[in-house]
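Q: I would like to see how this sequence folds:
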Amino acid sequence: METIKNTVNQATESIQGAASGASKEGNKEIAKGHTDASLSTRATAAKDAVSDKMDESKHNTKSDVYANK
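A: Numbering: from 1, shown residues only. Below is the predicted model:
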């Protein structure tokens, strides 16, 4: 039963990590100015990209922990 729980948790963390990574990449593109976004929007996107990167790392680390249990 514990193995199933760890597998589900690992899959969930992997999905959340991938979602954070996708969000990070989108925010990076906005921050770089590859859109018509205003300067304040670009600054917010840069801040959000950093936050997304931290979330991505956190979820990927948790996923690795569950995978190694």
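
Q: please enumerate the strands of this structure.
A: Read by DSSP state E, the chain holds no strands at all.

Q: let's check: the centremost residue of this protein is which one?
A: residue 20 (1.9 Å; CA atoms, centre = their mean).

Q: tell me which residues touch that residue, please.
A: Residues in contact with residue 20, defined by CB atoms under 8 Å, 6 or more residues apart in numbering, are 52, 53, 55, 56, 59. No exception for glycine: its C-beta is placed from N, CA and C like everyone else's.

Q: mind putting those residues into JSON lines with pLDDT?
A: Compiled in JSON lines, the contacts of residue 20 are given as follows (pLDDT from 0 to 100):
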{"residue": "52", "pLDDT": "98"}
{"residue": "53", "pLDDT": "97"}
{"residue": "55", "pLDDT": "97"}
{"residue": "56", "pLDDT": "97"}
{"residue": "59", "pLDDT": "97"}
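
Q: what subset of the residues you listed is buried?
A: 52, 53, 55, 56, 59 (16 or more other CB atoms under 10 Å).
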